[in-house]
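1. Need a 3D model of the sequence below.
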Amino acid sequence: MSPRDLAFVGCRLLALFFLVEVIATLPYTLSSLASAFASWEAQDTATFYYASRWLMLASPIVSLAMVLVLWFGAGWLAGEVADGTPAGTPNWSPRILLSVGVALLGLTIAAFALPTLALYLVYLADGAAEARGFDTFNVVPLAVRCIVGVGLILGARRVAETIARLRAL
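-> Here you go, the predicted model:
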């Protein structure tokens, strides 16, 4: 596998990581935006233009733009990154390397989400759901990240085969 192929796979995996992050945080972002506009009174139009309310959408929009650039520009980016590097020896097939990368991506996603999810579950078991400042809605994106991470770890070969099949189309 050449360095260009490695860079191509890396771009695609990074795009998948950003897509998972957008999907996992979108419910919280939309909920926060909806609650911010629910408190807005019709006669107070100045609060409609507060930048903080619209900045809640900036992160998912920028992340989606990064997903599109990394996914559809992976060939060009890989060519730019690996320009002038020597050709690699084909020790691993692209599918095996992709499945290892997908498993590492799942491990990364689960590793970032699992400690916080465990902490929230301990808080919930301790009765924090009745506390005024505790938002149980934060548990959902963390649980989704853990499920996606474990799913990628366990199904890395199937995901790699699907990506290779889609790439052949």
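2. switch to C-alpha atoms for all contacts and neighbour counts from now on
-> Noted.
3. residues in contact with residue 161?
-> Going by C-alpha atoms under 8 Å, 6 or more residues apart in numbering, residue 161 touches residue 95.
4. from the chain's centre, how far out does the host helix or strand of it sit?
-> Here residue 161 sits within helix 156-168, counting by DSSP states H and E. Relative to the chain's own centre, helix 156-168 is displaced by 18 Å; criterion: C-alpha atoms, centre = their mean, to the nearest Å.
5. In it, which residues are buried?
-> For helix 156-168, the neighbour count (16 or more other C-alpha atoms under 10 Å) marks 156-157, 159-160 as buried.
6. Would you mind giving the domain segments of the protein?
-> 1-89, 92-169 (automatic domain parsing).
7. possible to save the ones you listed as CSV with mean pLDDT?
-> Putting these into CSV (pLDDT from 0 to 100) gives the following:
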stretch, mean pLDDT
domain 1-89, 74
domain 92-169, 81
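8. Show me the helices in this structure, by range?
-> 3-38, 51-55, 58-72, 74-81, 94-125, 139-154, 156-168 (DSSP state H).
9. got the CA positions of the fourth one in PDB?
-> Presented in PDB, the C-alpha positions along helix 74-81 are these (Å, rounded to 0.1, in the frame of the first residue of the first chain):
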ATOM      1  CA  ALA A  74      -9.800  12.700  -0.300                       C
ATOM      2  CA  GLY A  75      -8.100  11.900  -3.600                       C
ATOM      3  CA  TRP A  76      -6.800  15.400  -4.100                       C
ATOM      4  CA  LEU A  77      -5.700  15.800  -0.400                       C
ATOM      5  CA  ALA A  78      -4.000  12.400  -0.500                       C
ATOM      6  CA  GLY A  79      -2.100  13.400  -3.600                       C
ATOM      7  CA  GLU A  80      -1.000  16.600  -2.000                       C
ATOM      8  CA  VAL A  81       0.100  15.000   1.300                       C
END
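10. Since that was my last question, I'll sign off now.
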